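Enquirer: Test case, fold it:
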Amino acid sequence: MLSQTCEYALRATTFIAHHAGEEPVLAKDVAEYTDVPLKYLQKILRDLVRVGVLVSARGIGGGFQLSRPPAQVYLVDVLRPFEDTSQQMSCPFGNPECGGSNPCPVHERWSRVVRAYRTFLETTTLGQLVRKKPFVARKRRASQWRRRSRV
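Expert: Residues are numbered from 1 along each chain as shown. You can find the predicted model right below:
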């Protein structure tokens, strides 16, 4: 259901949400611990800054942080810059006019799936994801993550 870019955006923002209230997180650390290619991740993070999901700072002490608390960042906010979720869930038969007056063979059942998916994205926050299970790095355990030293 999700594109590779959306999956990477969710991994990255969940990792950043896990470190909310701490120092900004470096893109290279996000890439390493989420197993997302750094160059690809940098473009994703830039887009998330542009739409106001993240804030960034350059230089010593710089990095990425959520622009608001994790409990106020919805999954739809994270995915919207990369995919039009309304188009993603269009008629599985390709009927551009699928609806009540011109339904495809699965319209009624598919409509329920689409509504459930949209509701999930619009009501689930990064805060809920972080509360459910601590972030586990894909390459190493999160407990092995070393904070960069500040000199």
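
Enquirer: what mean pLDDT does the top helix by length along the chain have?
Expert: Longest helix of the chain, by residue count under DSSP state H: helix 107-123. Across helix 107-123, pLDDT averages out at 90.

Enquirer: Which strands or helices does that helix pack on?
Expert: helix 75-79, helix 85-88 (3 or more C-beta pairs under 8 Å, 6 or more residues apart in numbering; DSSP states H and E). Yep, even glycine has a C-beta here, placed from its N, CA and C like the rest.

Enquirer: Just give me the residue right at the centre of the chain.
Expert: Leu10 (2.5 Å; C-alpha atoms, centre = their mean).

Enquirer: Look up how far Gly99 lies from the closest residue to it other than its chain neighbours.
Expert: Sequence neighbours aside, Val78 is the residue nearest to Leu10 in space, at 6.0 Å (criterion: C-beta to C-beta, 6 or more residues apart in numbering). In this structure, Val78 and Gly99 are 29 Å apart, going by C-beta to C-beta, to the nearest Å.

Enquirer: if you count what's nearby, which of the two comes out ahead?
Expert: Val78 (24 against 12; other C-beta atoms under 10 Å).

Enquirer: wait, doesn't that one sit right on Leu48?
Expert: Yes. If you go by C-beta atoms under 8 Å, Val78 and Leu48 touch, sitting 7.1 Å apart.

Enquirer: so what sits against both of the two?
Expert: Taking C-beta atoms under 8 Å, 6 or more residues apart in numbering as the criterion, Val78 and Leu48 both touch Ala9, Thr13.

Enquirer: In a strand, Ser56, correct?
Expert: Yes. Judged by DSSP: H, G, I helix; E, B strand; the rest coil, Ser56 forms part of a strand.

Enquirer: distance of it from Pro105?
Expert: From Ser56 to Pro105 the distance is 48 Å (C-beta to C-beta).

Enquirer: Return the backbone torsion pair for Val25.
Expert: When read as degrees, to the nearest 10, the backbone of Val25 gives phi -100, psi 130.

Enquirer: State the distance from it to Ala12.
Expert: 9 Å.
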